[in-house]
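# fold the following and give me the result.
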Amino acid sequence: MAISVDEYYKKLYKTGEQQLLDQENLIRQQADAAIKASDESYNTQIADVKQTYEDAARRNEVQRVLNERHLERKMAEMGLTDSGLNRTQLTANQLSFANQQGDIDIARQKDINTLAAAMRAKRSELEGARDSSIAQLKSDYDTSIRKQAADLYEKDIENQGKYTYRYDNSGNVVG
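This next block holds a predicted model:
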């Protein structure tokens, strides 16, 4: 009696299961390495953006101090060191500094958010590719095992037919 296709499938599946798991792990390791490299690249870019904007913030601070000294010297030359005009100009300088600092902070955060979104998208793309590769591997393995099981079953049926004899009404072997 022939073994069923399902029994062949189970036996064949178990035989190659470790190899399938090894291939899955290899795909996962390669994907994890690609994800790590991608994350490191984006984190480096984010650090560069932060540094660039820190430099801009320092230049803004230096400019505020220079403007303040210039205004103080100018007012001192005019004899207006404790006047409303002097305080108004110093306040305007401080307001200009704060506005520029706000613009720098907004641009910095926008650039960081853009890079972070790109990093998340790339990570998602790589994880999707990994999951797709694993699913395809499993599907291919399953298809291959099913075909092998069906082929073995057909051979069993074919071989069984070779050894089955037909008898005529008088009990003699026919063909």
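# gap between the longest helix along the chain and the chain center?
Counting by DSSP state H, the longest helix found in the chain is helix 84-162. Relative to its parent chain, helix 84-162 has a centroid offset of 3 Å by CA atoms, centre = their mean, to the nearest Å.
# and that helix, what does it pack onto?
helix 5-78 (3 or more CB pairs under 8 Å, 6 or more residues apart in numbering; DSSP states H and E). Every C-beta, even on glycine, is put in place using the N, C-alpha and C of the backbone.
# what's the helix it packs on packed up against?
By 3+ CB pairs under 8 Å, 6+ apart, helix 5-78 packs against helix 84-162.
# so how far is residue 35 from the residue sitting nearest the centre point of the chain?
Centrality entry for the chain: nearest residue to the mean C-alpha point is residue 123, 1.0 Å, by CA atoms, centre = their mean. Separation of residue 123 from residue 35 (CB to CB, to the nearest Å): 6 Å.
# now do residue 138
21 Å.
# who has more neighbours, those two?
residue 35 (18 against 13; other CB atoms under 10 Å).
# do I have it right that that one meets residue 127?
Yes - the pair residue 35 and residue 127 passes the contact test of CB atoms under 8 Å, sitting 7.0 Å apart.
# measure how buried the spatially closest residue to residue 81 that is not a sequence neighbour is and give me the count.
Of all residues not flanking residue 81 in the chain, residue 75 sits nearest, at 5.5 Å (CB to CB, 6 or more residues apart in numbering). Using other CB under 10 Å, residue 75 has 18 neighbouring residues.
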